[in-house]
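Engineer: got a predicted structure plus its sequence, pasted below:
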Amino acid sequence: MTAPLPDFRSPAFLRQHLQDTMAFYDPVATDPSGGQFHFFLDDGSVYNTHTRHLVSATRFVVTHAMLYRTTGEARYQAGMRHALQFLRTAFLDPATGGYAWLIDWQDGRATVQDATRHCYGMAFVMLAYARAYEAGVPEARAWLAEAFDTAEQHFWQPAAGLYADEASPDWQLTSYRGQNANMHACEAMISAFRATGERRYIERAEQLAQGICQRQAALSTPAHAPAAEGWVWEHFHADWSVDWDYNRHDRSNIFRPWGYQVGHQTEWTKLLLQLDALLPADWHLPCAQRLFDTAVERGWDAEHGGLYYGLAPDGSICDDGKYHWVQAESMAAAAVLAVRTGDARYWQWYDRIWAYCWAHFVDHEHGAWFRILHRDNRNTTREKSNAGKVDYHNMGACYDVLLWALDAPGFSKESRSAAPGRSD
């Protein structure tokens, strides 16, 4: 007999799933000599104790902050502070304001392995500080402002109204431009505004959203992208013209994949609606709906379930893998859309994606979510979490649904106390 599915719209379920997921990492992830370990096998074993990545380091701050804001338990705030101290002592170069991309940590000492300055990484630095400030670290507000000023000085491109992507350790920009860094910078700016109330952050978020979802998306024309008109492409040249070939033959790059990323269309859906709640604009909702509706229409695997990873401009599936973050972001987007529109079909998508993830991505034996599955939902790797994962996306999806959908029609009515970021 098949066990009944949980009530995915239940606040109690979402809070419990947040804690269950963090239990995979806490306390085994904590390195007493500094920060957290970043590489875990499916059973929770640490398979690399020395390599530390900026994205994992910042996301550990964020996940612990989410758990503290959701539960009020001091151990999560302590974990957040431990991660925060490591971010500032092991990754930050005080002389330049830059953060190392990759370090080796041994005997309480950091050796920089890759000092490249990535705007993607800086976006998560800002997000970490914003969430830490919300979670009771007053000095994080100044750290957030410093990181913002650094990004403005070195990455901001006024003519484009977007951030450049990559620079050398002494801040010489490369020619690559990407949407992903700008998307996560938008996410960071939304959180920064919610934390501080400083208008410059939400105004920058709107500028980034317009630049990517309106101007750059308009370059996906029927002539170039017959199956993805108006979608967000990933890669651009220095003048922000489309680079259709960047990483075309490299499926290994987890931060700069080729193709239209189904999950990035839905992630922008979520961000546009969060932005709209704070700084309304007429274009947000239509754009958000269009991106989500076409993403699930073209990206859902009708045979095996789940959303594909990548779509080529002609509509063919260029990567049929199932990635945990794609499902998680799409689930959160569906919930926020359901709240904003009152359309029950978005709750249906939320339930459908959750049921798929519950069956295939959630590791009911060891905890957390599997990272990547084959199209037929077989696990592709024993690595539960490598550089950057730490279950940030799926935990964040639960947190976002609690934060943005708690009072919505269609959401379960029981146990609404202790919602993250709310005061009664």
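Structural biologist: Here it is on my side, so go on.

Engineer: ok, residue 132 touching residue 66?
Structural biologist: No - counting by CB atoms under 8 Å, residue 132 stays clear of residue 66, with 11.1 Å between them. Placement of C-beta: from N, CA and C, glycine included.

Engineer: just the helices in this protein please.
Structural biologist: Ranges of helices within the chain are 11-25, 54-71, 74-86, 119-134, 140-154, 179-196, 199-210, 262-278, 284-299, 324-341, 344-360, 392-405, based on DSSP state H.

Engineer: what's the closest of those helices to residue 370?
Structural biologist: Residue 370 lies closest to helix 324-341 among the helices of the chain, at 6.5 Å (CB to CB).

Engineer: now the closest one: average pLDDT?
Structural biologist: Over the span of helix 324-341, the pLDDT mean works out to 97.

Engineer: ok, now stretch 21-38?
Structural biologist: Computed over stretch 21-38, the mean pLDDT rounds to 96.

Engineer: which parts of it are buried?
Structural biologist: Under the neighbour-count criterion of 16 or more other CB atoms under 10 Å, stretch 21-38 has 21-22, 24-26, 29-31, 34-38 buried.

Engineer: repeat that for stretch 71-84.
Structural biologist: Neighbour-count burial for stretch 71-84, counted by 16+ other CB under 10 Å, picks out 71, 76-77, 79-84.

Engineer: may I see the buried residues of stretch 214-223?
Structural biologist: Residues 216-217, 220 are the ones in stretch 214-223 that count as buried (16+ other CB under 10 Å).

Engineer: oops, could you answer that again for stretch 343-362 instead?
Structural biologist: For stretch 343-362, a neighbour-count test (16+ other CB under 10 Å) marks 346-347, 349-354, 356-357, 360-362 as buried.

Engineer: a markdown table for those, including pLDDT and distance to residue 266?
Structural biologist: A markdown table is the format used below for the buried residues of stretch 343-362 (pLDDT from 0 to 100; distance: CB to CB, whole Å):
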| residue | pLDDT | distance to residue 266 |
| --- | --- | --- |
| 346 | 97 | 11 |
| 347 | 96 | 15 |
| 349 | 98 | 10 |
| 350 | 98 | 11 |
| 351 | 98 | 16 |
| 352 | 98 | 13 |
| 353 | 98 | 10 |
| 354 | 98 | 14 |
| 356 | 98 | 14 |
| 357 | 98 | 14 |
| 360 | 98 | 18 |
| 361 | 98 | 16 |
| 362 | 98 | 19 |
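
Engineer: what's the closest of these to residue 174?
Structural biologist: Distance to residue 174, by CB to CB, is smallest for residue 361 among the buried residues of stretch 343-362, at 34.7 Å.

Engineer: leaving out the residues flanking it, which one is nearest to the closest one?
Structural biologist: Take residue 361 and drop its neighbours on the chain: the residue closest to it by CB to CB, 6 or more residues apart in numbering is residue 369, 4.6 Å away.

Engineer: from residue 319, how far off is the closest residue to residue 157 other than its chain neighbours?
Structural biologist: With CB to CB, 6+ apart as the criterion, residue 157 has its nearest non-adjacent residue at 5.5 Å, and that residue is residue 164. Distance, residue 164 to residue 319, using CB to CB, to the nearest Å: 26 Å.

Engineer: tell me the pLDDT of residue 419.
Structural biologist: For residue 419, the model assigns a pLDDT of 45.

Engineer: residue 251 too?
Structural biologist: 73.

Engineer: so who does it touch?
Structural biologist: 257-258, 319 (CB atoms under 8 Å, 6 or more residues apart in numbering).

Engineer: can you put the helices of the chain in JSON lines and add distance to residue 374?
Structural biologist: Formatted as JSON lines, these follow (distance: least, CB to CB, whole Å):
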{"stretch": "helix 11-25", "distance to residue 374": "22"}
{"stretch": "helix 54-71", "distance to residue 374": "25"}
{"stretch": "helix 74-86", "distance to residue 374": "33"}
{"stretch": "helix 119-134", "distance to residue 374": "27"}
{"stretch": "helix 140-154", "distance to residue 374": "38"}
{"stretch": "helix 179-196", "distance to residue 374": "24"}
{"stretch": "helix 199-210", "distance to residue 374": "34"}
{"stretch": "helix 262-278", "distance to residue 374": "16"}
{"stretch": "helix 284-299", "distance to residue 374": "16"}
{"stretch": "helix 324-341", "distance to residue 374": "13"}
{"stretch": "helix 344-360", "distance to residue 374": "10"}
{"stretch": "helix 392-405", "distance to residue 374": "19"}
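
Engineer: what about those, which gets the closest to residue 100?
Structural biologist: For residue 100, the closest of the helices of the chain is helix 54-71, at 6.5 Å, according to CB to CB.

Engineer: list the helices and strands that closest one packs on?
Structural biologist: Secondary-structure packing of helix 54-71 (3 or more CB pairs under 8 Å, 6 or more residues apart in numbering; DSSP states H and E): helix 11-25, helix 74-86, helix 119-134, helix 392-405.

Engineer: cool, thanks, signing off.
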